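J.: Structure, please.
(2 chains)
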Amino acid sequence: MALTEQTRAEMAELAARYPHARSALLPMLHLAQSEEGYVTEDAIIMCAEVLGLTTAEVKGVSTFYTMFKHEPVGEYHIGVCINPGCGILGGDAIWQTLSEEVGVGHDEVSADGKISLERIECQAACTHAPVMTANWEFMDDMTPQKARQLIEDLRAGREVTSTRGPVIRDFKAAERTLSGIDDDGLGAVAATDELMLAGLRYAQAHDMAAPEGKVI
Amino acid sequence: MPLTPVITAHWDQADSFTLDGYRRNGGYTALAKAFEMGPDAVIAAVKDSGLRGRGGAGFPTGLKWSFVPQGDGKPHYLVVNADESEPGACKDIPIMLANPQALIEGIIITSYAIRANHAFVYIRGEVPHVIRRMHAAVREARAAGLVGTNIMGSGFDLDVVIHSGAGAYICGEETALLDSLEGRRGQPRLKPPFPAVAGLYASPTVVNNVETITNIAYIINNGVDWFRSFGTEKSPGFKVFAVSGHVARPGIYEAPLGITMAELLEYAGGIREGHELKFWLPGGSSVPMLTPAHLDTPLTYEAIAEAGSMLGTGTPMLFDETTSVVRAITGWQDFYKHESCGKCTPCREGNWFIKDLVHRFNTGTGKREQLDVLTNVCGQILGRSFCALGDAAATPFPAAMKYFADEFEAGTTTASDVRFDPAASTVFSEVKA
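T.: Predicted coordinates:
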């Protein structure tokens, strides 16, 4: 899909949110990925035009960040956290299973274009290790079996929901959310799970509380 | 020491993240109080509270705010560091998910105090569920007149922008974050000038961590004495500890600073059944590891420093006896090499050396004299890098050598996965010790 004048208008809308327009460059690149699936040459030109930058300046930025892809990823871009907090608790084993199963390595796409895999670093979910992501929605407390099932379900077009609520959409839809351009309508999902409540539950069960105050 | 849920007190309510839910629990009463106090009194209260930054460095928050020059005619900015990427840190993400309105109330109070009319929340890009939540929370606050012009009739105007990063650990470093927020490569700046004087768009800027700013409404509402009734003289207040690793009940545990790891571990159900603690990190991979001998050290900035580590993000990771120290260190050194931004030579080049060498010990092909080379390279990076990422990268290996030199010695002949079966370390392993 080629970038349209609508995309250009949305990029300008993002730029207008900031006191200095260039601050919108990262959100704009996310928006470009939501249209084309990765940062294309056309996207770099459009970002440069909207912000009055050179294409070299835009490319210098886009190549710095690992979430900006410069060639197509799969319809479902799957991350496996291999940082030791997850890797040792099972992430390394999950990576090996999936890499063999899908038949691709780090930052590679399956032949049918459905699945790409990435060895990702810490996702700030160590309490939920081992953690994976599917188009950046979290899949907590994974096992090799669950990981295999996830791939199978996504491949078969079955609806899969993140362990944190939202349904897993395709890569482009996820990138549109990240751009922040509009409300994706998935806002009111659950806030917490038992791991996030572990301390509160323990405190309640053992009559522990903060010293009195008009606590909010 | 008992647990003391404050920030986490209402997380079991299904609508804790909504404006209604937050207001039902007393939310946004601190803001009215702050408007009555006036900006200088708010800064003074936060200074007196002794609140220290919860992002890792522990710098006194009120002091940071007081560095912002007033009456200088320049726009001021508040930037909330929500780039939570430190390996082991997983507290800001839950705070934003379950209690985003407390963060926003803190943002409004802080912006009012430092005379900022623009606030930004820089959230790492890999967490759409949190980015979505924060956008929704700001929309709700805006619709209720809490963000925008003439907030609650105070005459104070504030715009809050939720900003998504795009995958770069270095952007958690405050000056790299500012460059990234300006639409550039996220590389650190030379300090001084500090952001409080020349930050975003070269204007005075306060950069604070999510948990730090979330503390503000509670401090304003309940007072300095109440806040100081938690913790110690040098480490006042409560902390959202995130306990992970080989523990029976990993999760979020909120307690006063000064609680010991032994106490937290007890609440977390101890090390998983049939196993025992081998080593632990108090707050991220960037702080030196400690051993079971340090379990009774109070989790305060000062006591953990005395024990030879750092409180860091206050998110302890614990590993049991099935874990190879060499393997863990190798994983973290891979991380630092991957995340080094390339700006300064010691970090960019040194991390290649470290990575290459630790891998040799991980595969059982290290040479004894290479341990000295590793020690030397870490020493060359530490204190000689442009920013704290270099210091962090030079931290894991020397700490591991201090307690587990024998494992690196063994790495001259035997691969780590031969000595320690990786399958035994997994949470889905059925292998019992």
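J.: Identify the residues contacting the residue of chain B found nearest chain A.
T.: Closest to chain A within chain B is residue B:251: 2.8 Å, counting by CB to the nearest CB. C-beta coordinates here come from the backbone N, C-alpha and C atoms, glycine included. Each residue near residue B:251 by CB atoms under 8 Å, 6 or more residues apart in numbering or on different chains is listed here: A:127, A:194, A:195, A:196, A:197, A:198, A:199, B:242, B:243, B:268.
J.: burial of the last one, as a residue count?
T.: Other residues within reach of residue B:268 by the criterion other CB atoms under 10 Å in any protein chain shown amount to 25.
J.: Would you write a ChimeraX line that selects the buried entries of the contacts of residue B:251?
T.: Selection of buried members from those for ChimeraX, criterion 16 or more other CB atoms under 10 Å in any protein chain shown:
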select /A:127,195,196,197,198,199 /B:242,243,268
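J.: Go through the contacts of residue B:251 and flag which are in strands.
T.: Here DSSP state E is the test, and those give B:242, B:243 as lying in strands.
J.: domain ranges for chain A?
T.: Domain assignment for chain A by automatic domain parsing gives A:5-62, A:76-174.
J.: Make CSV out of the ones you listed and add distance to chain B and mean pLDDT.
T.: CSV is the format used below for those (distance: least, CB to the nearest CB, whole Å; pLDDT from 0 to 100):
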stretch, distance to chain B, mean pLDDT
domain A:5-62, 3, 98
domain A:76-174, 4, 97
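J.: which stretch among the ones you listed comes nearest residue B:116?
T.: Taking CB to CB, domain A:5-62 is the member of the domains of chain A nearest to residue B:116, at 11.3 Å.
J.: Next, the contact list for the nearest residue to the residue of chain B closest to chain A once chain neighbours are set aside, please.
T.: Nearest residue to residue B:251, sequence neighbours excluded (CB to CB, 6 or more residues apart in numbering or on different chains): residue A:198, at 2.8 Å. Each residue near residue A:198 by CB under 8 Å, 6+ apart is listed here: B:249, B:250, B:251, B:252, B:253, B:268.
J.: likewise residue A:68?
T.: Residue A:68 touches A:29, A:33, A:38, A:39, A:62, B:166, B:167, counting by CB under 8 Å, 6+ apart.
J.: Test my guess that the fifth one contacts residue A:45.
T.: No. Checked against CB atoms under 8 Å, the pair residue A:62 and residue A:45 is beyond contact range at 11.9 Å.
J.: between the two, which one's more packed in?
T.: For residue A:62 and residue A:45, the more surrounded residue by other CB under 10 Å is residue A:62, and the numbers stand at 25 against 13.
J.: Need phi/psi at that one.
T.: phi -60, psi -30 (degrees, to the nearest 10).
J.: residues in contact with it?
T.: Residues near residue A:62 by CB under 8 Å, 6+ apart: A:29, A:39, A:44, A:68, A:70.
J.: Recalculate using a threshold of 6 Å.
T.: Each residue near residue A:62 by CB atoms under 6 Å, 6 or more residues apart in numbering or on different chains is listed here: A:29, A:39, A:68.
J.: can you list contacts of stretch B:294-306?
T.: By CB under 6 Å, 6+ apart, the list of residues contacting stretch B:294-306 reads B:58, B:232, B:234-235, B:257-262, B:282, B:307, B:311.
J.: Same check on stretch B:36-45?
T.: So stretch B:36-45 is contacted by B:34, B:65, B:66, B:112, B:113, B:224 (CB under 6 Å, 6+ apart).
J.: For those, please prepare a markdown table with the additional fields secondary structure and distance to residue B:415.
T.: Listed next are these as a markdown table, based on DSSP: H, G, I helix; E, B strand; the rest coil; distance: CB to CB, whole Å:
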| residue | secondary structure | distance to residue B:415 |
| --- | --- | --- |
| B:34 | helix | 58 |
| B:65 | helix | 51 |
| B:66 | helix | 54 |
| B:112 | helix | 58 |
| B:113 | helix | 55 |
| B:224 | helix | 55 |
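J.: Among the residues you listed, which pair sits farthest apart?
T.: So, the contacts of stretch B:36-45 by CB to CB: farthest apart are B:112 and B:224, at 18.0 Å.
J.: Could you pull out the strands in chain B for me?
T.: Under the criterion DSSP E, strands of chain B are mapped to B:77-82, B:118-123, B:159-164, B:205-209, B:238-245, B:251-256, B:277-281, B:317-320.
J.: would TSV of the ones you listed with distance to residue B:96 be doable?
T.: Listed next are the strands of chain B as TSV, based on distance: least, CB to CB, whole Å:
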stretch	distance to residue B:96
strand B:77-82	7
strand B:118-123	7
strand B:159-164	10
strand B:205-209	12
strand B:238-245	12
strand B:251-256	13
strand B:277-281	23
strand B:317-320	21
